[in-house]
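Peer 1: Quick one, what's the 3D model for this:
(chains A, B and C)
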Amino acid sequence: MPTLIHTGCDSEKEARKIARALLERRLAAAVHIRKIDTLYRWEGEIHDHLEWRLDIKTVEARWNEVVAAITELHSYEEPAIFSTRIHRITTGALDWLEENCAE
Amino acid sequence: MPTLIHTGCDSEKEARKIARALLERRLAAAVHIRKIDTLYRWEGEIHDHLEWRLDIKTVEARWNEVVAAITELHSYEEPAIFSTRIHRITTGALDWLEENCAE
Amino acid sequence: MPTLIHTGCDSEKEARKIARALLERRLAAAVHIRKIDTLYRWEGEIHDHLEWRLDIKTVEARWNEVVAAITELHSYEEPAIFSTRIHRITTGALDWLEENCAE
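Peer 2: As a prediction, this is how the structure comes out:
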(Lines give C-alpha, C1' and ligand atoms only; values in the text may rest on other atoms or scores of the structure.)
Protein backbone atom coordinates (compact mmCIF):
# COMPACT_ATOMS: atom_id res chain seq x y z
CA MET A 1 0.00 0.00 0.00
CA PRO A 2 1.53 3.33 -1.07
CA THR A 3 1.91 6.09 1.53
CA LEU A 4 3.52 9.49 2.14
CA ILE A 5 5.67 10.02 5.24
CA HIS A 6 6.48 13.58 6.30
CA THR A 7 9.10 15.16 8.55
CA GLY A 8 11.10 18.41 8.75
CA CYS A 9 14.73 19.52 9.15
CA ASP A 10 16.38 22.79 10.21
CA SER A 11 18.76 22.74 7.24
CA GLU A 12 18.66 21.77 3.58
CA LYS A 13 21.89 19.83 4.17
CA GLU A 14 20.30 17.57 6.76
CA ALA A 15 17.15 17.16 4.64
CA ARG A 16 19.26 15.98 1.69
CA LYS A 17 21.35 13.66 3.90
CA ILE A 18 18.23 11.93 5.20
CA ALA A 19 16.56 11.82 1.76
CA ARG A 20 19.62 10.16 0.17
CA ALA A 21 19.96 7.64 2.99
CA LEU A 22 16.30 6.59 2.66
CA LEU A 23 16.77 6.07 -1.09
CA GLU A 24 20.12 4.26 -0.71
CA ARG A 25 18.59 1.91 1.88
CA ARG A 26 15.60 1.32 -0.45
CA LEU A 27 13.22 2.61 2.21
CA ALA A 28 11.65 5.09 -0.23
CA ALA A 29 11.24 5.47 -3.99
CA ALA A 30 11.26 9.29 -3.96
CA VAL A 31 11.69 12.15 -1.50
CA HIS A 32 10.46 15.69 -2.18
CA ILE A 33 12.22 18.50 -0.33
CA ARG A 34 10.54 21.90 0.03
CA LYS A 35 11.35 25.01 2.04
CA ILE A 36 8.64 26.48 4.30
CA ASP A 37 8.17 28.85 7.22
CA THR A 38 7.16 26.99 10.35
CA LEU A 39 5.46 28.63 13.33
CA TYR A 40 4.85 26.33 16.31
CA ARG A 41 4.43 26.11 20.07
CA TRP A 42 7.31 24.63 22.01
CA GLU A 43 7.73 24.79 25.79
CA GLY A 44 5.11 27.52 26.11
CA GLU A 45 6.54 29.83 23.44
CA ILE A 46 5.81 30.45 19.75
CA HIS A 47 8.81 29.79 17.50
CA ASP A 48 9.09 30.97 13.88
CA HIS A 49 11.82 29.87 11.43
CA LEU A 50 12.58 28.21 8.11
CA GLU A 51 12.22 24.46 7.79
CA TRP A 52 12.95 21.97 4.99
CA ARG A 53 10.09 19.50 4.69
CA LEU A 54 10.56 15.95 3.41
CA ASP A 55 7.59 14.25 1.70
CA ILE A 56 8.65 10.61 1.40
CA LYS A 57 6.97 8.31 -1.17
CA THR A 58 7.11 4.76 0.14
CA VAL A 59 4.97 1.78 1.09
CA GLU A 60 3.02 1.38 4.33
CA ALA A 61 5.07 -1.68 5.37
CA ARG A 62 8.20 0.49 5.65
CA TRP A 63 6.83 2.90 8.30
CA ASN A 64 8.88 1.55 11.25
CA GLU A 65 12.12 1.38 9.25
CA VAL A 66 11.64 4.91 7.85
CA VAL A 67 10.93 6.27 11.35
CA ALA A 68 14.03 4.46 12.69
CA ALA A 69 16.27 5.76 9.88
CA ILE A 70 15.04 9.37 10.26
CA THR A 71 15.47 9.22 14.06
CA GLU A 72 19.01 7.80 13.63
CA LEU A 73 20.09 10.52 11.17
CA HIS A 74 18.16 13.57 12.41
CA SER A 75 19.74 16.21 14.67
CA TYR A 76 16.65 16.24 16.92
CA GLU A 77 16.41 13.55 19.55
CA GLU A 78 12.78 12.85 18.60
CA PRO A 79 11.85 14.29 15.19
CA ALA A 80 8.11 14.67 14.52
CA ILE A 81 7.12 12.16 11.81
CA PHE A 82 3.64 11.46 10.44
CA SER A 83 2.05 9.87 7.38
CA THR A 84 -0.85 10.64 5.06
CA ARG A 85 -2.53 8.04 2.88
CA ILE A 86 -2.30 7.81 -0.88
CA HIS A 87 -5.83 7.07 -2.07
CA ARG A 88 -5.47 6.29 -5.79
CA ILE A 89 -2.34 5.92 -7.91
CA THR A 90 -1.65 5.14 -11.54
CA THR A 91 -0.50 1.56 -12.18
CA GLY A 92 2.91 2.56 -13.52
CA ALA A 93 3.60 4.72 -10.47
CA LEU A 94 2.57 1.93 -8.10
CA ASP A 95 4.82 -0.61 -9.86
CA TRP A 96 7.78 1.81 -9.71
CA LEU A 97 7.07 2.53 -6.00
CA GLU A 98 6.93 -1.15 -5.07
CA GLU A 99 9.94 -2.05 -7.20
CA ASN A 100 12.04 0.56 -5.41
CA CYS A 101 11.05 0.12 -1.79
CA ALA A 102 9.06 -3.06 -1.30
CA GLU A 103 10.80 -5.62 0.92
CA MET B 1 -7.09 12.50 16.50
CA PRO B 2 -4.41 14.50 14.69
CA THR B 3 -5.36 16.31 11.47
CA LEU B 4 -4.09 18.86 8.93
CA ILE B 5 -6.29 21.86 8.05
CA HIS B 6 -5.45 23.86 4.93
CA THR B 7 -6.35 27.32 3.66
CA GLY B 8 -4.78 30.09 1.57
CA CYS B 9 -4.13 33.85 1.80
CA ASP B 10 -3.32 36.52 -0.77
CA SER B 11 -0.44 37.91 1.31
CA GLU B 12 2.30 36.55 3.56
CA LYS B 13 1.30 39.16 6.13
CA GLU B 14 -2.23 37.80 6.43
CA ALA B 15 -0.96 34.21 6.46
CA ARG B 16 1.33 35.00 9.39
CA LYS B 17 -1.42 36.92 11.24
CA ILE B 18 -3.77 33.94 11.04
CA ALA B 19 -1.02 31.43 11.89
CA ARG B 20 -0.02 33.34 15.03
CA ALA B 21 -3.62 33.77 16.16
CA LEU B 22 -4.28 30.03 15.85
CA LEU B 23 -1.18 29.28 17.94
CA GLU B 24 -1.93 31.98 20.54
CA ARG B 25 -5.49 30.66 20.92
CA ARG B 26 -4.11 27.12 21.25
CA LEU B 27 -6.15 25.99 18.25
CA ALA B 28 -3.04 24.53 16.54
CA ALA B 29 0.37 23.21 17.58
CA ALA B 30 2.12 24.26 14.36
CA VAL B 31 1.36 26.11 11.12
CA HIS B 32 3.46 25.75 7.96
CA ILE B 33 3.38 28.63 5.51
CA ARG B 34 4.44 28.10 1.87
CA LYS B 35 4.23 30.24 -1.24
CA ILE B 36 2.61 28.75 -4.36
CA ASP B 37 1.09 29.78 -7.70
CA THR B 38 -2.65 29.21 -7.74
CA LEU B 39 -4.72 28.92 -10.91
CA TYR B 40 -8.47 28.58 -10.39
CA ARG B 41 -11.92 29.15 -11.85
CA TRP B 42 -13.94 31.95 -10.32
CA GLU B 43 -17.13 33.43 -11.79
CA GLY B 44 -16.47 31.85 -15.18
CA GLU B 45 -12.88 33.05 -15.55
CA ILE B 46 -9.44 31.53 -14.86
CA HIS B 47 -7.39 33.48 -12.32
CA ASP B 48 -3.65 33.07 -11.78
CA HIS B 49 -1.66 34.59 -8.89
CA LEU B 50 0.57 33.93 -5.90
CA GLU B 51 -0.95 32.48 -2.73
CA TRP B 52 0.44 31.73 0.72
CA ARG B 53 -0.81 28.33 1.88
CA LEU B 54 -1.30 27.45 5.56
CA ASP B 55 -0.98 23.78 6.59
CA ILE B 56 -2.27 23.70 10.17
CA LYS B 57 -1.32 20.81 12.50
CA THR B 58 -4.09 20.35 15.03
CA VAL B 59 -6.60 17.84 16.38
CA GLU B 60 -9.86 16.83 14.73
CA ALA B 61 -11.95 18.20 17.65
CA ARG B 62 -10.76 21.75 16.85
CA TRP B 63 -12.13 21.86 13.27
CA ASN B 64 -15.09 24.19 13.97
CA GLU B 65 -13.01 26.59 16.10
CA VAL B 66 -10.21 26.71 13.51
CA VAL B 67 -12.73 27.39 10.71
CA ALA B 68 -14.35 30.13 12.83
CA ALA B 69 -11.01 31.78 13.67
CA ILE B 70 -9.80 31.71 10.02
CA THR B 71 -13.13 33.12 8.81
CA GLU B 72 -12.98 35.88 11.45
CA LEU B 73 -9.41 36.94 10.54
CA HIS B 74 -9.33 36.31 6.77
CA SER B 75 -9.88 39.11 4.23
CA TYR B 76 -12.22 36.89 2.18
CA GLU B 77 -15.81 36.68 3.33
CA GLU B 78 -15.76 32.87 2.96
CA PRO B 79 -12.23 31.46 2.78
CA ALA B 80 -11.93 27.92 1.35
CA ILE B 81 -10.86 25.58 4.16
CA PHE B 82 -10.43 21.81 4.03
CA SER B 83 -8.69 19.07 6.01
CA THR B 84 -6.68 15.96 5.22
CA ARG B 85 -6.20 13.10 7.64
CA ILE B 86 -2.98 12.22 9.43
CA HIS B 87 -2.75 8.42 9.24
CA ARG B 88 0.21 7.52 11.50
CA ILE B 89 2.29 9.72 13.81
CA THR B 90 5.19 9.13 16.16
CA THR B 91 4.21 9.06 19.85
CA GLY B 92 6.29 12.10 20.78
CA ALA B 93 4.72 14.17 17.98
CA LEU B 94 1.22 13.12 19.03
CA ASP B 95 1.86 14.02 22.68
CA TRP B 96 3.23 17.45 21.66
CA LEU B 97 0.24 18.01 19.34
CA GLU B 98 -2.31 17.15 22.02
CA GLU B 99 -0.49 19.10 24.72
CA ASN B 100 -0.57 22.23 22.58
CA CYS B 101 -4.05 22.22 21.15
CA ALA B 102 -6.24 19.67 22.90
CA GLU B 103 -9.16 21.19 24.77
CA MET C 1 -16.63 13.87 -3.17
CA PRO C 2 -13.75 16.38 -3.14
CA THR C 3 -10.21 15.11 -3.73
CA LEU C 4 -6.63 16.25 -4.43
CA ILE C 5 -4.76 14.79 -7.40
CA HIS C 6 -0.97 15.23 -7.54
CA THR C 7 1.63 14.99 -10.30
CA GLY C 8 4.96 16.62 -11.21
CA CYS C 9 6.59 18.27 -14.24
CA ASP C 10 10.21 19.02 -15.20
CA SER C 11 9.38 22.64 -16.12
CA GLU C 12 7.14 25.42 -14.87
CA LYS C 13 5.98 25.91 -18.46
CA GLU C 14 4.63 22.37 -18.71
CA ALA C 15 3.08 22.58 -15.23
CA ARG C 16 1.19 25.73 -16.24
CA LYS C 17 0.11 24.23 -19.58
CA ILE C 18 -1.40 21.21 -17.85
CA ALA C 19 -2.96 23.29 -15.06
CA ARG C 20 -4.70 25.60 -17.57
CA ALA C 21 -5.95 22.72 -19.69
CA LEU C 22 -7.50 21.02 -16.64
CA LEU C 23 -9.30 24.25 -15.72
CA GLU C 24 -10.40 25.01 -19.29
CA ARG C 25 -11.81 21.46 -19.64
CA ARG C 26 -13.59 21.88 -16.26
CA LEU C 27 -11.74 18.88 -14.87
CA ALA C 28 -10.54 20.87 -11.84
CA ALA C 29 -11.60 23.95 -9.89
CA ALA C 30 -8.07 24.94 -8.85
CA VAL C 31 -4.48 23.84 -9.42
CA HIS C 32 -1.62 24.80 -7.08
CA ILE C 33 1.87 24.82 -8.57
CA ARG C 34 4.93 24.65 -6.30
CA LYS C 35 8.63 24.16 -6.95
CA ILE C 36 10.46 21.40 -5.06
CA ASP C 37 13.66 19.35 -5.15
CA THR C 38 12.95 15.75 -6.02
CA LEU C 39 15.34 12.87 -5.26
CA TYR C 40 14.23 9.48 -6.56
CA ARG C 41 15.35 6.03 -7.71
CA TRP C 42 15.04 5.38 -11.42
CA GLU C 43 16.62 2.42 -13.26
CA GLY C 44 18.94 1.65 -10.32
CA GLU C 45 20.27 5.19 -9.88
CA ILE C 46 19.41 8.14 -7.61
CA HIS C 47 18.35 11.25 -9.53
CA ASP C 48 18.16 14.74 -8.03
CA HIS C 49 16.60 17.77 -9.73
CA LEU C 50 13.96 20.49 -9.54
CA GLU C 51 10.33 19.58 -10.14
CA TRP C 52 7.13 21.61 -10.36
CA ARG C 53 4.37 19.87 -8.43
CA LEU C 54 0.68 20.21 -9.31
CA ASP C 55 -1.89 19.80 -6.52
CA ILE C 56 -5.23 19.58 -8.34
CA LYS C 57 -8.49 20.33 -6.48
CA THR C 58 -11.28 18.36 -8.10
CA VAL C 59 -13.95 15.74 -7.43
CA GLU C 60 -13.39 12.00 -7.12
CA ALA C 61 -15.58 11.26 -10.19
CA ARG C 62 -13.06 13.08 -12.43
CA TRP C 63 -10.06 10.87 -11.61
CA ASN C 64 -9.96 8.97 -14.93
CA GLU C 65 -10.43 12.10 -17.02
CA VAL C 66 -7.76 14.01 -15.09
CA VAL C 67 -5.31 11.09 -15.46
CA ALA C 68 -6.10 10.92 -19.21
CA ALA C 69 -5.63 14.68 -19.70
CA ILE C 70 -2.32 14.76 -17.77
CA THR C 71 -1.02 11.73 -19.69
CA GLU C 72 -2.05 13.35 -23.01
CA LEU C 73 -0.29 16.67 -22.24
CA HIS C 74 2.73 15.54 -20.19
CA SER C 75 6.18 15.07 -21.73
CA TYR C 76 6.63 11.75 -19.92
CA GLU C 77 5.08 8.68 -21.49
CA GLU C 78 3.64 7.62 -18.12
CA PRO C 79 3.60 10.44 -15.57
CA ALA C 80 3.22 9.37 -11.92
CA ILE C 81 -0.19 10.50 -10.68
CA PHE C 82 -1.79 9.85 -7.29
CA SER C 83 -4.56 11.26 -5.12
CA THR C 84 -5.08 12.06 -1.45
CA ARG C 85 -8.47 12.41 0.16
CA ILE C 86 -10.04 15.64 1.37
CA HIS C 87 -11.59 14.78 4.74
CA ARG C 88 -13.63 17.86 5.67
CA ILE C 89 -14.36 21.03 3.67
CA THR C 90 -16.32 24.19 4.29
CA THR C 91 -19.71 24.32 2.54
CA GLY C 92 -18.85 27.30 0.36
CA ALA C 93 -15.63 25.62 -0.83
CA LEU C 94 -17.48 22.41 -1.65
CA ASP C 95 -20.17 24.27 -3.62
CA TRP C 96 -17.51 26.15 -5.60
CA LEU C 97 -15.59 22.92 -6.25
CA GLU C 98 -18.67 21.08 -7.53
CA GLU C 99 -19.90 24.03 -9.57
CA ASN C 100 -16.56 24.21 -11.40
CA CYS C 101 -15.77 20.58 -12.09
CA ALA C 102 -18.78 18.37 -11.44
CA GLU C 103 -20.07 16.60 -14.54
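Peer 1: Please count neighbours and contacts with C-alpha atoms only from this point.
Peer 2: OK.
Peer 1: Output the longest helix belonging to chain A.
Peer 2: In chain A, assigned by DSSP state H, the helix with the most residues is helix A:12-24.
Peer 1: Next secondary structure element downstream of it?
Peer 2: Using DSSP states H and E, the helix or strand that follows helix A:12-24 towards the C-terminus is strand A:30-42.
Peer 1: That following strand and chain B, any residue contact?
Peer 2: Yes: interface with chain B: strand A:30-42 contributes A:35-41 (Cα under 8 Å from any Cα of the partner chain).
Peer 1: now do stretch A:83-100
Peer 2: Yes: residues of stretch A:83-100 contacting chain B under Cα under 8 Å from any Cα: A:83-85.
Peer 1: out of the residues you listed, which are inside strands?
Peer 2: Counting by DSSP state E, these place A:83-85 in strands.
Peer 1: residue contacts, the residue located most distally from the centre of chain A?
Peer 2: Residue farthest from the centre of chain A, counting by Cα atoms, centre = their mean, is A:Gly44 at 26.7 Å. By Cα atoms under 8 Å, 6 or more residues apart in numbering or on different chains, A:Gly44 lies in contact with nothing.
Peer 1: and the residue nearest to A:Glu24 when sequence neighbours are not counted, what element?
Peer 2: Nearest residue to A:Glu24, sequence neighbours excluded (Cα to Cα, 6 or more residues apart in numbering or on different chains): C:Ile46, at 7.9 Å. Assigned by DSSP H and E, C:Ile46 belongs to strand C:45-59.
Peer 1: Next secondary structure element downstream of that strand?
Peer 2: Toward the C-terminus, strand C:45-59 is succeeded by helix C:63-73 as the next helix or strand (DSSP H and E).
Peer 1: Give me the local confidence score for the residue farthest from the centre of chain A.
Peer 2: According to the prediction, A:Gly44 has pLDDT 90.
Peer 1: for A:Glu103, same thing?
Peer 2: 68.
Peer 1: now A:Lys13
Peer 2: Reported pLDDT for A:Lys13: 98.
Peer 1: I'd like to know how far it sits from chain C.
Peer 2: Between A:Lys13 and chain C the computed distance is 12 Å (Cα to the nearest Cα, to the nearest Å).
Peer 1: do A:Leu27 as well
Peer 2: If you measure A:Leu27 against chain C using Cα to the nearest Cα, the figure is 11 Å.
Peer 1: which one is that residue nearest to, not counting chain neighbours?
Peer 2: A:Cys101 (5.2 Å).
Peer 1: Just give me the neighbour total for that neighbour.
Peer 2: By the measure other Cα atoms under 10 Å in any protein chain shown, the count of residues near A:Cys101 is 21.
Peer 1: same thing with A:Gly92?
Peer 2: 12.
Peer 1: quick one: it from chain B, how far?
Peer 2: From A:Gly92 over to chain B the distance is 24 Å, taken as Cα to the nearest Cα.
Peer 1: in terms of contact, does that residue touch C:Glu78 like I think?
Peer 2: Yes: with contact defined as Cα atoms under 8 Å, A:Gly92 reaches C:Glu78; the gap is 6.9 Å.
Peer 1: For chain A, which residues score under the pLDDT cut-off?
Peer 2: For chain A, the stretches with pLDDT under 70 are A:103.
Peer 1: quick one, phi/psi of the closest residue to A:Val67 other than its chain neighbours?
Peer 2: Leaving out its chain neighbours, the residue that sits closest to A:Val67 by Cα to Cα, 6+ apart is A:Ile81, at 7.0 Å. Backbone torsions of A:Ile81, given as degrees, to the nearest 10, read phi -130, psi 130.
Peer 1: Name the residues of stretch A:40-54 that are buried.
Peer 2: With burial defined by 16 or more other Cα atoms under 10 Å in any protein chain shown, the residues of stretch A:40-54 counted as buried are A:40-41, A:48, A:50-54.
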